[in-house]
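Chemist: Just to be clear, the model below is a prediction. Sequence and coordinates:
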Amino acid sequence: MNDAILRVDDIQKYYGNKGSLTKAVDHISFTVDKGEFLGIMGPSGSGKTTLLNCISTIDTVTSGHIFVEGQDITTLHGGRLSDFRGRKLGFIFQDFNLLDTLTAYENVSLALSIAGVKPAEIQKRVKQIAEALNISEVLSKYPYQMSGGQQQRVAAARAMVTNPAIVLADEPTGALDSNSSRMLLTMLTELNERLSATILMVTHDAFSASYCRRILFIKDGKIFHELNRGSDSRKNFFSQILEVVSVLGGEQNDLF
């Protein structure tokens, strides 16, 4: 597939030894195209976070390969791995993870500075992403001087300023109230639709998942179902997600 930004090829992740072997990820394969907004759902212990950790290079696979823009990231180590992570991956965190002692501009530009990008180019790219996310007026402010929504957008700008191949979000709404969750999910949709960001989001929450365009359901370390939103409304897609959850038995909150 020519447009595949991410290709996960028959990966496995085992923990423990022969006496007590846990297959956290069990022969999973899928691709993510440029500009997709993919959700990964599954019960607690299903392997969804382990899968994300392998893609984000936090963890290593036991076998199989993961390709990002055609590069096999399972072969990278040390400095090459750090360089890849800094250039090709963007991260959206639940609690923003902004540095309190830096202004919004400094928070956003930090990754570019570390990568050795020239100051004039940094200024240009921060200005562009700030305009796109409507945070130009807070660039000189510190996190404590911003609203939660502004902090959220600064965090998104930081994730996007390096022009990453893929943006990864692990349970981004997990600790947020419903209003903040909606704001974050709307912002992820904006990144996807307006800036063509390729997003992979792990979530246990059907409402959050309904913002995605496609969902992979993981159970016992394997993909057991896939949903595509197509031209459906988000409301209809939400109902489809709940149907899949109900097929697994039990209430949504018990399982996901």
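Modeler: Everything's here; your move. As the structure is a computational prediction, the values presented were derived from the model and not from experiment.

Chemist: Shouldn't residue 131 be within a helix?
Modeler: Yes: counting by DSSP: H, G, I helix; E, B strand; the rest coil, residue 131 is found in a helix.

Chemist: From residue 194, how far out is it?
Modeler: From residue 131 across to residue 194, the span is 11 Å (CB to CB, to the nearest Å). The C-beta positions use only the backbone N, C-alpha and C, and glycine is treated the same way.

Chemist: which SS class is residue 207?
Modeler: Following three-state DSSP, the label given to residue 207 is helix.

Chemist: I'd assumed residue 238 was in contact with it.
Modeler: Yes: between residue 207 and residue 238 there is a contact under CB atoms under 8 Å: 6.6 Å.

Chemist: Could I get the full set of strands for the chain?
Modeler: Secondary structure of the chain (DSSP state E): strands located at 4-15, 22-33, 37-41, 63-68, 71-72, 89-92, 166-170, 199-202, 214-219, 222-228.

Chemist: May I see the buried residues of the last one?
Modeler: Read that as strand 222-228. Using 16 or more other CB atoms under 10 Å as the test for burial, strand 222-228 gives 223, 227.

Chemist: OK, contacts around residue 201?
Modeler: Residues in contact with residue 201 (CB atoms under 8 Å, 6 or more residues apart in numbering) are 37-40, 168-170, 172, 188, 208-209, 212.

Chemist: do you know how far it is from residue 210?
Modeler: For residue 201, the distance to residue 210 - CB to CB - is 11 Å.

Chemist: Over to residue 52?
Modeler: Relative to residue 210, and taking CB to CB, residue 52 is found at 19 Å.

Chemist: Which one of the two is surrounded by more residues?
Modeler: The neighbour count for residue 52 versus residue 210, taken as other CB atoms under 10 Å, is higher for residue 210 (24 against 19).

Chemist: And that one, how close does it get to residue 114?
Modeler: In this view, residue 210 and residue 114 are 36 Å apart by CB to CB.

Chemist: you'd agree residue 68 is up against residue 4?
Modeler: No: with contact defined as CB under 8 Å, residue 68 and residue 4 do not form a contacting pair (9.5 Å).

Chemist: Tell me which of these two has more neighbours.
Modeler: Counted by other CB under 10 Å, residue 68 and residue 4 do not tie: residue 68 has more neighbours, with 23 against 17.

Chemist: Dig out what that one forms beta bridges with.
Modeler: Beta-bridge pairing for residue 68 (DSSP bridges): residue 6, residue 71.

Chemist: Verify the contact between residue 139 and residue 130 for me.
Modeler: Yes: with contacts counted by CB under 8 Å, residue 139 reaches residue 130, the gap being 5.8 Å.

Chemist: got any residues that touch both of the two?
Modeler: By CB under 8 Å, 6+ apart, the residues touching both residue 139 and residue 130 are residue 108.

Chemist: out of these two, which sits in the more crowded spot?
Modeler: More crowded of residue 139 and residue 130, by other CB under 10 Å: residue 130, with 21 against 18.
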